[in-house]
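> requesting a structural model of the entry that follows:
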Amino acid sequence: MTTTYNKRRGELETYFDRTASAAWARITSDAPVSKVRATVRAGRDETRATLLSYLPADLRGCRILDAGCGTGALAVEAAKRGADVVAIDLSPTLVAVAAERLPAELKSKIRFESGDMLNPDLGTFDHVVAMDSLIHYRLPDMVSMISKLAARSRSGVHFTYAPKTAAFMLLWGVGKIFPRGDRSPAIEPIATDALHAALKAEPTLKGWSIGRDHRVSTGFYKSHAQELCRA
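Predicted structure coming up:
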């Protein structure tokens, strides 16, 4: 991977494991939050439901990779539908929260790990889901990551990106004015046409096709769910 990928990966690990772990644990719970964070929570709920809708309703016998699992909400929902899930995140702190929240009846269905989602030792899967875990990377790095995830998926890669729209760019610009110590690692806005063109041009993705997509916009949360299917 490129220097920009490795630099950003280190920034994300520091941010989500140390700087913002408590905030993310709260946002992903049912605890009271501010109005701004409530819009983030609502948007993430809609995005998670969208990505799960791209998977078969009956996941018994399927192996799923939750790439960037955070506190584990998507992994739990997939396991409830019968999937065997490997859920991995850069942040050991958030993975510990996920393991703590895991319902007892699903303990045999989900394996939580902290580390690199691109690690080939994780094995192969029927589907890979990457919810808001690619959004901090520039387009070339994102496409390379998708390619590596696709190489380990038998059916589909279901991911999100930050859509380069006027509304998103306004929020992105506002975020840049906050003091550096209060900022998360930058989200990289990407134009849909540019993403689709890059995916189609990537030689390692020959035999894959662009599938369903859905844009989510709830206040301060903007995301675009995208499906990539093996032909």
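> skipping its backbone neighbours, what lies nearest Lys109 in space?
Distances taken as Cβ to Cβ, 6 or more residues apart in numbering place Ala79 nearest to Lys109, at 3.9 Å, with adjacent residues excluded. Just so you know, the C-beta spots here come from the backbone N, C-alpha and C atoms, and that holds for glycine as well.
> I misspoke; the intended subject was Arg26.
Using Cβ to Cβ, 6+ apart and skipping residues adjacent in sequence, the residue nearest Arg26 is Val33, 6.2 Å away.
> picking that back up, assign a three-state SS to the residue nearest to Lys109, would you?
For Ala79, the assignment made with DSSP: H, G, I helix; E, B strand; the rest coil gives helix.
> that one contacts Lys107, doesn't it?
No. In this structure, Ala79 is not within contact of Lys107 by Cβ atoms under 8 Å, at 9.5 Å.
> and the two? Which one has more around it.
Per other Cβ atoms under 10 Å, whichever of Ala79 and Lys107 has more neighbours is Ala79, with 24 against 11.
> surely Thr39 and Phe220 touch.
Yes. The criterion here is Cβ under 8 Å, and Thr39 meets it with Phe220 at 4.9 Å.
> which helix or strand contains Ile187?
Counting by DSSP states H and E, no helix or strand carries Ile187.
> roughly how far does Leu118 sit from Lys7?
Separation of Leu118 from Lys7 (Cβ to Cβ, to the nearest Å) stands at 15 Å.
> the two: which has the busier surroundings?
Between Leu118 and Lys7, counting by other Cβ under 10 Å, Leu118 is the more crowded of the two (17 against 11).
> looking at it, the more buried one is touching Ala151, isn't it?
No. At 9.8 Å, Leu118 does not count as touching Ala151 under the criterion of Cβ under 8 Å.
> C-terminal to the helix or strand containing Ala87, what's the next element?
Using DSSP H and E, the element containing Ala87 is strand 84-89. Proceeding N to C from strand 84-89, the next assigned helix or strand is helix 92-101, under DSSP H and E.
> report the buried residues of that next one.
Pro92, Thr93, Leu94, Val95, Val97, Ala98, Ala99 (16 or more other Cβ atoms under 10 Å).
> can you give me the strands for this protein?
Per DSSP state E, the chain carries strands over the ranges 63-67, 84-89, 110-114, 125-130, 153-163, 189-190, 208-218, 221-230.
> report pLDDT for the most centrally placed residue in the chain.
Closest to where the C-alpha atoms of the chain average out (Cα atoms, centre = their mean) is Met131, at 2.2 Å. On pLDDT, Met131 comes in at 98.
> what's the mean pLDDT across the helix ranked longest in the chain?
For the chain, the longest helix by residue count, based on DSSP state H, is helix 35-53. Across helix 35-53, the average pLDDT comes to 96.
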